[in-house]
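**Q** pasting the sequence and the predicted coordinates here, then a few questions.
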Amino acid sequence: MSACLVCRSSPTEDILDLGAQPVSSHFVGAPDQPVVEHPLSLAVCPSCGTVQLARPFPFQDLVPPYDWITYREPEDHLDAVVDTLMDLSGLEAGGIAAGLSFKDVTTLDRLAARGFSRTWSIDPREDLGAEQLNANIESVAGLLTPDKAVEVAARRGPVDLLVARHILEHAEAPLRVMEALGEMLRPGGILVIEVPDCRANLERQDYTMIWEEHTLYFTPETLPNVLAAAGCISVGLEVHPFAFEDVIVLYARKESSRRAAGGEATQAAIERNVALARDYGAAFPLWSERYRAVLDGLCEDGRPLAAYGAGHLTCAFLNFHDLADRFAFVVDDTAQKQGLYLPKCGLPIVPNARLTPDAVSACLFGLSPDIEPKVIAKNPRFAGDGGRFYSCFADSGRSIRRLLKS
């Protein structure tokens with residue numbers, strides 16, 4: 001047990017131990033090739049209700065070994081986010097806006113089109129001294145300190161608006177990162193934080209939510225707890241719906257003093273979050289048992305299964321629940337992944353030409369439910385010959401949970 005990464009007020013409570021798990025972006029060249037592994041366990045803070053990794057993976061170990069690995073975040077809501085920003089009092093066209101990574105570029109482009117005079121983003125190497133070849137999001141979260149932020153602000157100037165999309169959840173030391181963000185903002189400046197909303201996946205007990213790259217698992221009640229470290233107060237919060245995981249957008253203003261507080265959750269809300277997390281952890285063994293039974297029923301005539309999508313979601317589902325022995329391979333449309341293997345479970349990654357009803361009895365999606373129809377359309381041979389597609393995700397219309405006996 002260790003102190004909460006967000007409130008620091010009490011030790012966290014372990015709720016789920018998944019044992020040693022790999023870095024899912026570290027695809028290997030042979031099924032038995034050693035991989036970087038660390039203990040992966042989930043905890044909750046009984047004082048503030050924040051769900052978090054009990055022991056975050058060192059950010060240096062998360063740097064991907066391949067330069068073609070990238071991150072994709074939902075963007076359909078960004079026009080609405082910028083509309084909200086432009087309506088905030090004290091934020092005017094002609095100001096300076098900055099972002100923490102490449103994930104913020106499309107937001108900054110929208111702001112430039114609305115009249116911001118200058119926009120820029122943190123560079124992991126030039127601004128933070130990152131040395132690893134493929135340093136990216138994980139290194140921004142790991143290397144951004146208050147001292148570095150002071151240097152950046154002195155060189156580039158403090159900003160009127162700072163955008164931080166999908167980076168805070170990666171931070172091993174979130175309070176340090178938040179203090180750094182406060183150093184980059186001028187007094188009265190606006191901070192925008194966007195993170196995944198984990199409430200729904202906690203409620204439906206979907207364990208693919210857990211990712212070694214995500215240290216923190218926020219809900220709308222727990223996210224504002226980080227603001228005091230940046231000297232900010234909340235001026236608004238929105239939840240935008242998306243397939244698999246909604247996103248929370250938190251708007252905050254930097255106060256002139258460090259006495260700012262970030263909209264603390266009520267005791268009832270904290271207790272609900274803690275209870276939800278405890279139930280999530282306690283239900284894991286039952287879900288593993290159910291998944292094994294369902295997948296055994298899908299393996300007809302001695303044929304194994306296939307998974308579709310060689311990403312961290314598939315890796316989590318197979319490795320966490322120990323299901324890889326039911327599968328022959330993982331199909332993926334990324335050319336660079338061909339001939340590689342998923343870490344730990346050792347399943348080969350193959351092109352979709354291998355996906356035939358003769359080879360496998362069914363195919364299980366490990367990719368976002370909103371793109372399932374596109375993938376099915378790209379595999380007419382399998383679908384036309386009676387091949388069946390399912391999903392490992394609880395919120396998919398093709399979820400294998402629909403096959404469970406009541």
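**A** On my side now, so go ahead. Predicted model only: the values in this text are computed from it and were never measured.

**Q** how about the nearest residue to P158 once chain neighbours are set aside, what does it touch?
**A** Spatially, and ignoring its direct neighbours in sequence, P158 is nearest to R186 (4.1 Å; C-beta to C-beta, 6 or more residues apart in numbering). Where you see a C-beta, it was placed from the backbone N, CA and C, and this is true even at glycine. R186 makes contact with 158-160, 254, according to C-beta atoms under 8 Å, 6 or more residues apart in numbering.

**Q** go again with 10 Å.
**A** By C-beta atoms under 10 Å, 6 or more residues apart in numbering, R186 lies in contact with 95-96, 153, 157-162, 254.

**Q** correct me if wrong: V239 contacts V249.
**A** Yes. Taking C-beta atoms under 10 Å as the definition, V239 is a contact partner of V249 at 7.8 Å.

**Q** name the residues contacting each of those two.
**A** 77, 197.

**Q** tell me which of these two has more neighbours.
**A** Between V239 and V249, counting by other C-beta atoms under 10 Å, V249 is the more crowded of the two (22 against 15).

**Q** for the more buried one, phi and psi?
**A** Dihedral pair for V249: phi -120, psi 120, per degrees, to the nearest 10.

**Q** picking that back up, could you pick out the buried ones from the contacts of R186?
**A** 95-96, 153, 158-162, 254 (16 or more other C-beta atoms under 10 Å).

**Q** re earlier: now render the contacts of R186 as CSV, adding distance to F57, pLDDT and secondary structure.
**A** Rendered in CSV, the data for the contacts of R186 read as follows (distance: C-beta to C-beta, whole Å; pLDDT from 0 to 100; DSSP: H, G, I helix; E, B strand; the rest coil):
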residue, distance to F57, pLDDT, secondary structure
G95, 37, 91, coil
I96, 34, 95, strand
A153, 29, 95, helix
G157, 34, 92, coil
P158, 32, 94, coil
V159, 30, 95, strand
D160, 34, 95, strand
L161, 31, 96, strand
L162, 26, 97, strand
K254, 31, 95, strand
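
**Q** want to throw those into CSV with distance to P373?
**A** Below are these laid out as CSV (distance: C-beta to C-beta, whole Å):
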residue, distance to P373
G95, 42
I96, 42
A153, 46
G157, 47
P158, 46
V159, 41
D160, 42
L161, 37
L162, 37
K254, 44
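
**Q** so which of those comes closest to G115?
**A** Nearest to G115, judged by C-beta to C-beta, of these is G95 at 8.5 Å.

**Q** residues in contact with that closest one?
**A** G95 touches 111, 115-119, 159-161, 186, 189-190, counting by C-beta under 10 Å, 6+ apart.

**Q** ok, which pair from those is furthest apart?
**A** G115 and R186 (17.5 Å).

**Q** immediately after the strand of greatest length in the chain, which helix or strand?
**A** In the chain, taking DSSP state E as the definition, the longest strand is strand 185-197. Downstream of strand 185-197, the next assigned helix or strand under DSSP states H and E is helix 199-203.

**Q** what about the following helix or strand past that following helix, distance to the chain center?
**A** Next helix or strand after helix 199-203 toward the C-terminus (DSSP H and E): strand 216-217. In this view, strand 216-217 has its centroid 8 Å away from the chain centroid, taken as C-alpha atoms, centre = their mean, to the nearest Å.

**Q** mean confidence for strand 216-217?
**A** For strand 216-217, mean pLDDT is 98.

**Q** check the offset of the longest strand of the chain from the chain's centre.
**A** Between the centre of strand 185-197 and the centre of its chain there are 18 Å (C-alpha atoms, centre = their mean).
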